[in-house]
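Undergrad: predicted model, plus sequence, below.
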Amino acid sequence: MSKNKKTFFIKINGKSYRAKEGQTILDVALKNKIFITRLCYHPDTVAQGSCRLCLVEIKGKKGLFTACNTQAEPEMDILTDSKNISRAKQTNLELIFTEHCEECADCIYKYNCSIKEFAKENKVKINKFPDRKKDHPVHQFGPALIFDSKKCIDCGICVDICKKVGACFLEYEKKGDFYEVTPSSDPKKDCIYCGQCLTHCPVGAFEGVGEFESIEEPLKQKDQGKTVVFQFAPSIRSTIGEEFGMPHGSIVTGRLIAAIKKLGIENVFDVSVAADVTTIEEAKELIERLGDKKASVPMFTSCCPGWVKYLEFYQPEFIPHLTSVRSPQIIMGGLIKTYWAEKNNIDPKDIVVVSIMPCVAKKYEIERPEVMIGDIKPVDHVLTTREFAQLLKKHKIDLKEVKAVAPDPFISAPTGAGVIYGASGGVMESALRTAYKMITGKKLPKLELKQVRGIEGFKKAEIDIDGKKLKVGVVNGAANAQKILDELKENPKAYDYVEMMACFGGCIGGGGQPVPVNDEIRKKRAQGLYNIDNRKNIRMADESPFVKTLYKEFLADHDNVHKTCHTTFSKKEKEVHPTPYKK
Amino acid sequence: MSDIITKLKKANLLGRGGAAFPTHLKWQMVKDQKSDTKYIVANGSEGEPATQKDGYIVEHYPETLIQGLKLALDAIENSSAFIYLRKDYFKKYKNKLKKLIGDLPIEVFAEKGGYLSGEETMVCQEIEKSILRPRHKPPFPGQAGIHDYPTLINNIETFYYAAKIAEGKYNNERFYTILGDVKNPGVYELSAKATIKDILKETKNLPDFKFFAQVGGGASGEIILDTEIDQLAQGSGSIVVHNQEKTDPYELMSEWLQFFMAQNCDKCTPCREGTYRLAEMIKNKEISKEDFEDLLFTLENTSFCALGKMVVPPLRTMSHKILKI
């Protein structure tokens, strides 16, 4: 039975607001759109209470209080501005600026920097004190992420979020007189490249590798006579609009294709088309595994490279459970350089495939030797959603102003199933739509599998397929995946099929997506994708015209299926080590 | 109200860790909580430089300390206790204490951290073996302490006097640590009503030269001039005498700040960065009054825990009284 929480009124700046027992002053303020300066608060983690900027006064109480961790109490009379608040806020901001070596031109918060705003509002002299961290190291996390500790303001969010994800790779270590955020040197801990540290850092101390200094590289290759093609991931269509001031969840597929073409790129592929291939191969594999007593069941999805890295490093004994099917980006890249290249009579060596991805781990995925097709690398460059948006801005292309073009009916016309890959639960839903049909010969009575939708970190469902109950799990956040693994250690038959994503909410909450992000935003982004699916005539992967032709012309050959659609996995040793501090 | 708590109230015993919170209120609060598990901690972290009285009590009166804990164990149902000691005390006294404890539900615990580990919520973090950073208050340990169970945390000296009160042998005394430029340094048990002047006189430590004293902790204590010693010794009851002519105030302030910087947890902005900026100003002897006062104000009003606030009194009194800034 849920206990009803008491409600009462508090005053903020003289006006009365309703508050609920357990709410902090900041909760009440945010709910009522009252602005309170803050840096270390993120709704995805517990209140850090470290930046000391969300200062308020409470009538009748001495001193200043932090709104983020002071509970609202009946009849509290709160001020969010006063001489004392300004004085302390200004001083703390000046101190925060001594930790943050500004590099605004390349920053992910170039256009929406909170501390710069706060400095202006509070008349802060940002150079009042010298930079304390100017000799601090830059850490690189594989081909995915950069952590520039010269910009870190020690808010603590990244350490918490890394723990919440389940990697526990970022930690505090004492260097001289100070505890510093640093990648772990523990051989048993490693980065999984999810990039949640990046999307949660309030000051841009983390960035993708190459963000933004290398974003022009792919276009330069066009000038060198290469055939440069672009492909974009399922989730991009409902997130990139944010970078151009459009509402969260805006669908911009046609504009996105038009914008890429404006950069002089002729061929634009939709990765959702390859997601349909992933779906078919994965559904086949699932049916095979379920019918084979010796096979590893449950089967785990493997299209999230962060999750795959987590499993290969932290729980390698479960590797046989990963589906061997390649991720949509790698399948698409491989098909472009084999099937499409042959059809168009282009030497694959002259093709440069550029992916626009919601993810920094995808930068790592393309470097995995297991994805090579002979000596062909399926994908040459990965630009994150943010990087690609920045590239458009540099070329003065405003997505909001661009006129949408119709997608190429062959290479960029996915089914609804291929589009929902971008949301947590989407891979599972797509595969089950097709698996159900493969097993029963019929379509699911209701295509929407509502049980596996939503941004919750842990979802469980039973799907009835011809009288057999299929036990499925859908998790986002590697820590939730670990819960499933722990459950399986106790009861190996607890699941038949599990979808795992490293990032909160799946790819729509990925480390390459626009910032800021929170549950509200993730919900809207996911809803955008489900809206597309609802409106599509074709919502089953196996009904895609591209897929049908492909299986007739190219994937009828088993060798082709093997080399373009399947991969292998292996136990991984620690890859990321901290950069030492200068003595 | 139980017998002992009434007695504590009547004797008006105040906590001897430095904050001087009425002891009977703490005991009553933990007693009143509904819980099948409760904890009691005798805090012997004694991280403040120039304070030695908890170590002195453990060395000379361990039976009285354990008697005090026993009273708390009896008064508070479902409870077990810890004697929480800083590393060197633990090493020195653990065997002796364990022998005296016998079958009582009291564990001798070695703290891992330093100065900050004497702070109440840190005591809980230490015993839980959690990350060594203070917690937000409320909830107070009396409501939700170790593993979120109600936890009574008192200084070792407080438990010592609880036992004395129960025996009817308490005459409002307390322990003082006297160090610095004095002839008879050491720990003394004297009246809690004695002024600093009385204490120095009675222990034959009153200097015949111009001096100032740091009172209530060798890092966080306030500076008291020799013209101001007709007052009580507050905080943890330590008195460090400095020969005013022979003492470089900058050097002394630097020592405090180095201590705070080494001992703080670096969680919150004012304590991490503010303390560092103050240290830099003092090292370079370039103190802008405005910046200095802004930093002290911000430390005092916005630090996450007590440590950051404790940086302020010594610096403020030193700068006002000696440096005349």
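TA: Good, I have the coordinates.
Undergrad: and stretch B:225-241, average pLDDT?
TA: Per-residue pLDDT over stretch B:225-241 has a mean of 95.
Undergrad: so how far does that stretch reach from one end to the other?
TA: End-to-end distance for stretch B:225-241, by Cα to Cα, to the nearest Å: 10 Å.
Undergrad: now do stretch B:40-55
TA: Terminal-residue distance, stretch B:40-55 (Cα to Cα): 19 Å.
Undergrad: tell me how far that stretch lies from the chain's centre.
TA: Mean C-alpha position of stretch B:40-55 versus that of the full chain (Cα atoms, centre = their mean, to the nearest Å) differs by 6 Å.
Undergrad: now do stretch A:473-490
TA: Relative to its parent chain, stretch A:473-490 has a centroid offset of 19 Å by Cα atoms, centre = their mean.
Undergrad: ok, B:P22 - how many residues close by?
TA: Under the neighbour criterion other Cβ atoms under 10 Å in any protein chain shown, B:P22 is assigned a count of 14. Any C-beta I mention is one placed from the backbone N, CA and C, and that applies to glycine too.
Undergrad: who does it form a beta bridge with?
TA: Assessed by DSSP bridges, B:P22 has beta-bridge partners B:L14.
Undergrad: using CSV, write down the CA coordinates of stretch A:366-380.
TA: Coordinates of each C-alpha in stretch A:366-380 appear next as CSV, following Å, rounded to 0.1, in the frame of the first residue of the first chain:
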residue,chain,number,x,y,z
ILE,A,366,34.6,0.3,-36.0
GLU,A,367,38.2,-0.4,-34.8
ARG,A,368,37.4,-3.9,-33.6
PRO,A,369,39.5,-6.3,-35.8
GLU,A,370,36.5,-8.8,-35.6
VAL,A,371,34.4,-6.6,-37.9
MET,A,372,36.8,-6.6,-40.8
ILE,A,373,35.7,-8.2,-44.1
GLY,A,374,39.0,-9.5,-45.3
ASP,A,375,41.0,-6.3,-45.6
ILE,A,376,38.0,-4.1,-45.8
LYS,A,377,37.0,-2.0,-42.9
PRO,A,378,33.2,-1.6,-43.0
VAL,A,379,33.1,1.9,-41.5
ASP,A,380,35.8,4.5,-41.8
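Undergrad: so which bits of that stretch are buried?
TA: For stretch A:366-380, a neighbour-count test (16 or more other Cβ atoms under 10 Å in any protein chain shown) marks A:366, A:368, A:371, A:373, A:376-380 as buried.
Undergrad: these in helices, which ones?
TA: Among those, DSSP state H puts none in helices.
Undergrad: redo the residues you listed as TSV? Include distance to A:K468 and pLDDT.
TA: What follows is these, written out as TSV (distance: Cβ to Cβ, whole Å; pLDDT from 0 to 100):
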residue	distance to A:K468	pLDDT
A:I366	38	98
A:R368	35	97
A:V371	34	98
A:I373	36	97
A:I376	41	97
A:K377	41	98
A:P378	36	98
A:V379	38	98
A:D380	44	98
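Undergrad: out of the residues you listed, who's nearest chain B?
TA: Distance to chain B, by Cβ to the nearest Cβ, is smallest for A:R368 among those, at 34.7 Å.
Undergrad: OK, contacts around that closest one?
TA: A:R368 makes contact with A:305, A:567, according to Cβ atoms under 8 Å, 6 or more residues apart in numbering or on different chains.
Undergrad: cool, and A:W307?
TA: Residues near A:W307 by Cβ under 8 Å, 6+ apart: A:192, A:301, A:478, A:481, A:500-502.
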